[in-house]
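Quick one: sequence and predicted model below, then my questions.
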Amino acid sequence: MNIKITNFEIDNRTRDYLNKRLDNLRKFVDLESPNTKLDIEIGRTTGHHQKGDIFKTEFNLSISGEFYRVEEKSEDILSSIDASTEELSRQLRRNKGKKETLFRKGGRKMKELLRRFNYNKE
């Protein structure tokens, strides 16, 4: 896991908050696995603006050849972290559901083929 901070200083409160939000992602993926690579970039998008979407959080997650990317901008760094981790967990949950559906569909097809095979045998 790599964390890159650009254009501002991160304090302990923000770092702890990021680690807390990453714990929610650990439900879906093992972040310490050698097949998993997570790159996080947190920073200010501009140095002179004081209002608007000035904080950006970007997550790039690679899991055994599958790639997920999330980028969120917000007025506050904590809300930017929240939005990006929620979006990433939504993508992971969606992909997990697709895999389970395909596995069950394949099982149903196999069961149907076996029934036909046993029916033709008798």
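Great, that's in hand. Numbers count the residues shown, from 1 in each chain.

tell me the phi and psi of residue 77?
Main-chain torsions, residue 77, degrees, to the nearest 10: phi -70, psi -40.

can you check residue 114 too?
When read as degrees, to the nearest 10, the backbone of residue 114 gives phi -70, psi -40.

And residue 81, how far from residue 24?
Remark: distance between residue 81 and residue 24 (Cβ to Cβ, to the nearest Å) = 11 Å. All C-beta spots, glycine's among them, are computed from the backbone N, C-alpha and C.

Tell me which stretches of the protein form helices.
Under the criterion DSSP state H, the chain contains helices at 12-25, 77-121.

Which of those helices has the lowest mean pLDDT?
Mean pLDDT is lowest for helix 77-121 out of the helices of the chain, coming in at a mean of 85.

Now do it against helix 12-25: the angle between them, please.
If you take axes from the mean of the first three to the mean of the last three Cα atoms, to 10 degrees, helix 77-121 sits at 10 degrees to helix 12-25.

name the helices or strands packed onto helix 77-121?
Judged by 3 or more Cβ pairs under 8 Å, 6 or more residues apart in numbering; DSSP states H and E, helix 77-121 is in contact with helix 12-25, strand 36-44, strand 55-63, strand 66-74.

Please work out which of these is packed deepest.
strand 55-63 (a mean of 20; mean count of other Cβ atoms under 10 Å).

That strand - what's its average pLDDT?
Across strand 55-63, the average pLDDT comes to 93.

Quickly list what the closest residue to residue 87 other than its chain neighbours is bridged to.
Nearest residue to residue 87 in three dimensions, chain neighbours excluded: residue 70, at 4.6 Å (Cβ to Cβ, 6 or more residues apart in numbering). Applying DSSP bridges to residue 70 gives these bridge partners: residue 59.

Need the pLDDT of residue 70.
In this model, residue 70 is scored at 95, pLDDT.

and it, what is it in contact with?
58-59, 84, 87-88, 91 (Cβ atoms under 8 Å, 6 or more residues apart in numbering).

quick one on the thing from earlier: now render the helices of the chain as TSV, adding distance to residue 34.
What follows is these, written out as TSV (distance: least, Cβ to Cβ, whole Å):
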stretch	distance to residue 34
helix 12-25	17
helix 77-121	19
